[in-house]
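[1] model the following, please.
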Amino acid sequence: MLIKAAINGGRSRDEHPAIPLTPDEIAVAAADAVAAGADVVHAHARTADGSQTIHPDEIRRMVEAVRRGAPGVIVGTTTGLWTCSGHAERMQLLAAWPEDALPDFASVAFCEEGAAEAAELVLERGMVLESAVWSMDDVPALLAASTLHQNVRVLIEPEDEDVQVAIDHARRIADALRAGGVTAPLLYHGYDATAWPLVRAAIDDGHETRVGFEDMLGLDGDAPAADTAEMVRLARALEAAGAGLVDAGLASSAGSAVSSTSPAAAPDAEARV
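    Next up, the predicted model:
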């Protein structure tokens, strides 16, 4: 099972003191997550004041720091509209990303204005494309996109706060995508209360998944997490156990096992890609 480590998203240090914000912190977190078992890393570049950005200068700083401090790590980023003034500026900024410091992949949310055009530009710039759908309402736009069959994976990110509703919604989206001809791998992930249940649903359903500070701040069962690497270790433990939709006791036991070998130590839904 592919596990993506989403190491910061739009989170702040007020939410967890270990959120990586600077390029060097992002590089360390990326290396640690991959060492713990993550296959790829997703990170949001930040400005000096901690704001999310897709400005070419900050993309360069982040990507170069990861390549310097964590050589070989596959790193991607967001193209979310919340990182700029709107779609027109997004296109200008993406077009200006430095050729010698491009992320390996970029995510495009198909709930957003101009998503199809942004997805085309990601591919034109030579990056790998991930497309994201947050609800059934987004599925038609993705299925109509010229880039539909050029995705390395499709992210399914239900915004529902109720756990069972979120799981059911993710499965409906997955069924609709497969019925629409999508053959790329599917990745489930949630946010806060739904994050770990969707990890377990992904194990059950044979899909990819994502963990990290962007999606959750602790381990399954609400135990605190030192960092994203600790979450990756738990996800791998659940996968190895065939945990799937395990009861709280097994999840807590897996979390305890990971914690015992690990070092000690809410933004809007739109900031989740």
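[2] what ranges does the stretch 1-150 of the chain have for its strands?
    Under the criterion DSSP state E, counting those that start in this stretch, the stretch 1-150 of the chain contains strands at 3-6, 40-42, 75-78, 105-109, 128-133.
[3] neighbouring contacts of the third one?
    Just to be clear, that refers to strand 75-78. Residues from elsewhere that reach strand 75-78 (Cβ atoms under 8 Å, 6 or more residues apart in numbering): 30, 40-45, 52, 54, 59, 62-63, 66-67, 103-107, 127-128, 130, 273. (Glycine included, C-beta is placed from N, CA and C.)
[4] ok, now the first one?
    Contacts to strand 3-6, defined as Cβ under 8 Å, 6+ apart, come from residues 29-30, 33-34, 36-43, 187, 189, 208-215, 228-229, 231-232, 235-236, 239.
[5] from those residues, which ones fall inside helices?
    By the criterion of DSSP state H, membership of those in helices covers 29-30, 33-34, 36, 228-229, 231-232, 235-236, 239.
[6] can those residues go into CSV with extra columns for distance to residue 179, pLDDT and neighbour count?
    CSV is the format used below for those (distance: Cβ to Cβ, whole Å; pLDDT from 0 to 100; neighbours: other Cβ atoms under 10 Å):
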residue, distance to residue 179, pLDDT, neighbour count
29, 38, 98, 27
30, 36, 98, 29
33, 34, 99, 31
34, 34, 98, 21
36, 36, 99, 22
228, 34, 99, 29
229, 37, 99, 27
231, 32, 98, 34
232, 32, 99, 26
235, 28, 98, 31
236, 31, 98, 18
239, 27, 97, 18
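[7] which of those residues lies closest to residue 139?
    Checking the ones in helices among the contacts of strand 3-6 against residue 139 with Cβ to Cβ, the nearest one is residue 235 at 26.3 Å.
[8] measure the nearest residue to residue 96 once chain neighbours are set aside to residue 103 for me?
    Nearest residue to residue 96, sequence neighbours excluded (Cβ to Cβ, 6 or more residues apart in numbering): residue 56, at 4.5 Å. As defined by Cβ to Cβ, to the nearest Å, residue 56 lies at a distance of 11 Å from residue 103.
[9] the more surrounded of these two?
    More crowded of residue 56 and residue 103, by other Cβ atoms under 10 Å: residue 103, with 26 against 17.
[10] do I have it right that that one meets residue 59?
    Yes - with contact defined as Cβ atoms under 8 Å, residue 103 reaches residue 59; the gap is 6.9 Å.
[11] what do those two both touch?
    Contacts common to residue 103 and residue 59, judged by Cβ under 8 Å, 6+ apart, are 77, 97.
[12] which residue ranges of the stretch 51-200 of the chain form helices?
    With DSSP state H, counting those that start in this stretch applied, the stretch 51-200 of the chain shows helices at 56-69, 87-95, 115-124, 139-144, 163-179, 195-205, listed in chain order.
[13] report the distance from the second one to the chain centre.
    Using Cα atoms, centre = their mean, to the nearest Å, we find the averaged C-alpha position of helix 87-95 to lie 21 Å away from the chain's own average C-alpha position.
[14] and the angle from it to strand 105-109?
    On the basis of axes from the mean of the first three to the mean of the last three Cα atoms, to 10 degrees, helix 87-95 is oriented at 170 degrees to strand 105-109.
[15] cool, and the last one?
    Interaxial angle of helix 195-205 relative to strand 105-109 (the same axes, to 10 degrees): 100 degrees.
[16] residues shared between the contacts of residue 56 and residue 103?
    residue 97.
[17] state the mean pLDDT of stretch 209-216.
    Mean pLDDT, computed over stretch 209-216, is 99.
[18] list of residues touching that stretch?
    With Cβ under 8 Å, 6+ apart, stretch 209-216 has contacts from 1-11, 16, 18-20, 33, 42, 44, 155, 187-192, 195-196, 198-199, 202-203, 225, 227-228, 231-232, 234-235, 272.
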